[in-house]
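K.L.:
Provided below for reference: sequence and predicted model.
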Amino acid sequence: MSSTPSAKPEITILNSMAGRDFEAALDRHVAWGLRWLDLKDGIFGKSVVELSDDELSSAARMIKERGLRVYALSTSLFAENVEAGEEVFRQKHLGAIPRVLEIAEALSPIAIRLIAAFTDRRGSVTDAIQYTKSRAPWLFDLYDEAIERISSAGYTAVIENESLGSLLSGPQEALAFFASLSNRAHARFTWDVVNMWQVGTFPTVEVYEALRPIIGYVHFKGGQSDEPGGPLQWKSALDEASWPVREITSRIVQDGACRMICINPPHGALRPGTDPGGWVQRDIQYLRALLEQEV
């Protein structure tokens, strides 16, 4: 997965946003003009890492029949508080990599997602990377091993910032996290714009610019605050988001920062009287219009 693609990014969505019936959801991807899949959950009622061999064969067949391709396997590996300890990470998360690679062999993704770990002390820790280096220095070695296995199998490891508790609350921590990885050349950052907002960093062009050296994939979702630059409060469609969607999209296109932008479901409370029906298609249409305008 090149960090400097020559073409404008394409659009994908988390697969279950098109519906919980997997085959019907694939048909909606086609109807909505999407060519790529981000497979996470809602696949025959399971997450992507839980699929049996027979289910994998069925999924691969259904995808191929529709002319679709898999961009990312969105696993939740490493989504754990560092305070859980090395053995939990080694057995539960690193230990799942062999099966994930078997799944990848069947589905042929470009990227495999890992999650940046959490801390249950997020509220009191101001520099989570320094805290992790003193509290759980082994974590970076485990990421390096996972990245090595993924890259050696021919895929790109993408590491995403989750929301509450994430070690990556802003650009400083994200850059320091990647700088701490020996295998960082074989991994890229999945910047979930609103997840980082929820952990304390409002999305701006300046935030994007700081993260640009490590970005390889981007997740967009709507969301509104009650005051400019304030905390996330409300769900919204992407075209009504409080953060500068157009400006950040424009920079992504100008820089060739990523091959794919993935739309995610919005976070926050639903404003009374608001109907979110149709938001998925609306978000796709809005982002597609921005990209077609070459912003």
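P.N.:
Ah, there it is.
K.L.:
all helices of the protein, in order?
P.N.:
22-31, 53-65, 86-88, 97-107, 128-135, 138-152, 171-179, 193-198, 205-211, 245-255, 279-292 (DSSP state H).
K.L.:
could you identify which of those helices is most buried?
P.N.:
The highest mean neighbour count among the helices of the chain, using mean count of other CB atoms under 10 Å, belongs to helix 193-198: a mean of 24. Glycine gets a C-beta too; all of them are placed from N, C-alpha and C.
K.L.:
what about that helix, distance to the chain center?
P.N.:
The chain centre lies 11 Å from the centre of helix 193-198; the measure is CA atoms, centre = their mean, to the nearest Å.
K.L.:
do the same with stretch 50-60
P.N.:
22 Å.
K.L.:
so what's the model's average confidence on that stretch?
P.N.:
Throughout stretch 50-60, pLDDT has a mean value of 98.
K.L.:
with stretch 217-224 instead?
P.N.:
98.
K.L.:
any stretches of the protein with poor pLDDT?
P.N.:
1-6, 294-295 (pLDDT under 70).
K.L.:
for Ser74, see how far away Gly223 is.
P.N.:
20 Å (CB to CB, to the nearest Å).
K.L.:
Met17 too?
P.N.:
For Met17, the distance to Ser74 - CB to CB - is 12 Å.
K.L.:
quick one: the helices of the chain as JSON lines, columns for distance to Pro228 too.
P.N.:
What follows is the helices of the chain, written out as JSON lines (distance: least, CB to CB, whole Å):
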{"stretch": "helix 22-31", "distance to Pro228": "36"}
{"stretch": "helix 53-65", "distance to Pro228": "43"}
{"stretch": "helix 86-88", "distance to Pro228": "41"}
{"stretch": "helix 97-107", "distance to Pro228": "41"}
{"stretch": "helix 128-135", "distance to Pro228": "27"}
{"stretch": "helix 138-152", "distance to Pro228": "36"}
{"stretch": "helix 171-179", "distance to Pro228": "20"}
{"stretch": "helix 193-198", "distance to Pro228": "13"}
{"stretch": "helix 205-211", "distance to Pro228": "15"}
{"stretch": "helix 245-255", "distance to Pro228": "14"}
{"stretch": "helix 279-292", "distance to Pro228": "21"}
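K.L.:
do you know which of these lies nearest Thr12?
P.N.:
helix 22-31 (8.4 Å; CB to CB).
K.L.:
buried residues in stretch 181-201?
P.N.:
181, 183-184, 186-199, 201 (16 or more other CB atoms under 10 Å).
K.L.:
bridging residues for Leu37?
P.N.:
Val70 (DSSP bridges).
K.L.:
and it, how many neighbours?
P.N.:
Neighbours of Leu37 under the rule other CB atoms under 10 Å: 28.
K.L.:
so it touches Ser74, yeah?
P.N.:
No: checked against CB atoms under 8 Å, the pair Leu37 and Ser74 is beyond contact range at 9.9 Å.
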